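# what's the 3D shape of this:
(one chain, ligands or ions: 1)
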Amino acid sequence: MIDIIVIGAGIIGSTVFYELTKQVKNVHIFEKNKQAGLEVSGHNSAIVHSGVDPVPNTLKAKYNLMGQAMYEEYAKELETPFKRIGAFVVAKNDEECKHLDILVERAKLRNIPVKRYDVHDALMLEPNLNSNIKEVLDMPTTAIVDPTHLSAQAVKKGVSLGGQAHFEEHVIAIHERLSHFEVITNFGMYQCKVVVNCGGLYADKIEALVGEPTFSLEYRKGEYIVLSEKAPQTSKRIIYPVPSPLGKGVLYVPTISGRSLVGPNAVDVDDFTPRPILDESVHDMKNKMNQLLDNIAYEYEIDRFVGFRPRVETDDFVIHEHPHVPYFFTLAGIESPGIASAPAIAKDVSTTMLLPALKARRS
Ligand SMILES: Cc1cc2nc3c(=O)[nH]c(=O)nc-3n(C[C@H](O)[C@H](O)[C@H](O)COP(=O)(O)OP(=O)(O)OC[C@H]3O[C@@H](n4cnc5c(N)ncnc54)[C@H](O)[C@@H]3O)c2cc1C
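Numbers count the residues shown, from 1 in each chain. Alright, predicted model coming up:
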């Protein structure tokens, strides 16, 4: 009998698997793809946010802050790159400067170092900023990672600690029995005491395999333009506008691989079928970016990609044991700041929910 089965090897499932293998030997992870971190975790901005943005009293705020504090050490432990390159939030007018006031107040309460610069001082630090901007908020703790590599490393380390990883194995049914679950995949049937659903865009469908669904997912598409590593870097830091209710807006992001990203946009969609990225969307993103930053080397565009944010109505992460199916846990609606939060979610959920549940079921 397996102790705990983790479904999904995105950044959430992979880090949960790794944390569990530190405490329990008999943990298995199932991933329908060939490798870890290829879905939502492979199609995003890959930023470890400072923790200023999430609104107070949310799981997003709690785990972003905890994650930011532990990331550097965690990345070392996983032998995956982590670069603290910092970010500038750019205000273009007086209205946006008022929003910076809110962020500064929040940063103070959360003990996050930030600094405000007028346009003159900001231009000394990032000479390609558009000179029509009004002010910037410097967030030096913001960092970048490679979430696909991080996910793969977490699975690899978990396996080296005794866990088992099953790739190209798709969970298709789950039966609740008196003292255990039967998890059915395209390869066979496995019995386990506890199940953790980290299914990303499919988490609602996976929860529905055991009982009444307690939430449903909605999807928000985000498209990107990728500039080659040969493109001259326009900014050392991540540059982003003052956030809106739709998210952080269109950013300029230097990546771990040396490439740069411009994006994402944010469009609510009915499903997550990838469709070609229209020139119109690209034009719109470039227009938005050009209000913040000059001299972006768009002639070095080498690719475009799209990511889908799995969202729930409450606008927060869903992290719970199913109310009617004990020992079945779901981690869903993990949109941004899911990358920044992953190590903290994994550690906290393992120690406060999963390991106690396993102990209770064993006794
Ligand atoms: C456009 C965009 C930008 C973002 N930018 C940032 C950012 O800068 N910083 C940040 O912190 N966060 C960001 N995020 C959010 C972040 O990407 C997500 O929170 C995170 O990747 C979610 O990880 P996950 O493990 O929950 O999901 P996923 O990575 O999708 O993992 C779920 C896994 O489950 C597997 N799976 C599903 N069903 C089954 C099944 N039945 N059997 C077996 N396997 C299954 C899937 O194949 C997949 O690999 C962004 C997201 C988007 C879309």
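# only C-alpha atoms for contact and neighbour calcs from this point on.
Noted.
# Break this structure down into its domains, please.
For the chain, automatic domain parsing gives the domain ranges 2-54+147-216+314-362, 87-140+218-311.
# Could you look over those domains and pick the most buried one?
domain 2-54+147-216+314-362 (a mean of 21; mean count of other Cα atoms under 10 Å).
# on that earlier part again, just so I know, which of the domains of the chain lies nearest residue 80?
Closest approach to residue 80 among these (Cα to Cα): domain 2-54+147-216+314-362, 5.7 Å.
# rewinding a little: dump the domains of the chain into JSON lines; add mean pLDDT and distance to residue 72 as well.
Converted to JSON lines, the domains of the chain look like this (pLDDT from 0 to 100; distance: least, Cα to Cα, whole Å):
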{"stretch": "domain 2-54+147-216+314-362", "mean pLDDT": "97", "distance to residue 72": "10"}
{"stretch": "domain 87-140+218-311", "mean pLDDT": "95", "distance to residue 72": "14"}
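# Around the ligand, pick out the residues from the stretch 51-200 of the chain.
Contact residues, the stretch 51-200 of the chain versus the ligand (Cα under 6 Å from any ligand atom): 169-172, 198-200.
# I'd like to know which elements the longest helix seen in the chain is packed against.
Looking across the chain with DSSP state H, the single longest helix is helix 59-78. Here helix 59-78 touches helix 147-160, helix 338-349, going by 3 or more Cα pairs under 8 Å, 6 or more residues apart in numbering; DSSP states H and E.
# now these in TSV, with distance to residue 317?
TSV is the format used below for the helices and strands packed on helix 59-78 (distance: least, Cα to Cα, whole Å):
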stretch	distance to residue 317
helix 147-160	18
helix 338-349	9
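# which one of the ones you listed lies closest to residue 238?
helix 338-349 (14.8 Å).
# Mind checking if that closest one is in reach of the ligand?
Yes - Helix 338-349 lies within reach of the ligand by Cα under 6 Å from any ligand atom, at 338-340.
# what's the nearest residue to residue 49 if we skip its chain neighbours?
Nearest non-adjacent residue to residue 49, counting by Cα to Cα, 6 or more residues apart in numbering: residue 142, 5.0 Å away.
# Ramachandran angles for that neighbour?
When read as degrees, to the nearest 10, the backbone of residue 142 gives phi -60, psi 140.
# Which per-residue confidence value corresponds to it?
At residue 142, the model reports a pLDDT of 98.
# and which of the residues of helix 338-349 next to the ligand is nearest residue 162?
Relative to residue 162, and with distances defined as Cα to Cα, the nearest of those is residue 339, at 25.0 Å.
# I'd like to know which elements the strand or helix carrying residue 305 is packed against.
In this structure, residue 305 sits in strand 301-311 according to DSSP states H and E. Applying 3+ Cα pairs under 8 Å, 6+ apart, we find strand 301-311 packed against strand 218-227.
# isn't the residue nearest to residue 49 right up against residue 89?
No - counting by Cα atoms under 8 Å, residue 142 does not reach residue 89; the two are 11.1 Å apart.
# The residue nearest to residue 190 when sequence neighbours are not counted in helix, strand or coil?
Once flanking residues are discounted, residue 190 sits nearest to residue 183: 5.2 Å by Cα to Cα, 6+ apart. When classified by DSSP: H, G, I helix; E, B strand; the rest coil, residue 183 comes out as strand.
# Roughly how far does residue 183 sit from the ligand?
Distance from residue 183 to the ligand, counting by Cα to the nearest ligand atom, to the nearest Å: 10 Å.
# For residue 75, find the nearest of the domains of the chain.
Residue 75 lies closest to domain 2-54+147-216+314-362 among those, at 7.6 Å (Cα to Cα).
# Can you give me the end-to-end span of the closest one?
With Cα to Cα, to the nearest Å as the measure, domain 2-54+147-216+314-362 spans 12 Å from end to end.
# ok so, going back, who does the residue nearest to residue 190 bridge with?
residue 174, residue 190 (DSSP bridges).
# Please tell me I have it right and residue 181 contacts residue 173.
No - assessed by Cα under 8 Å, residue 181 is found out of contact with residue 173, at 10.3 Å.
# Now do the contacts for residue 115.
Residue 115 makes contacts with 137-139, as judged by Cα atoms under 8 Å, 6 or more residues apart in numbering.
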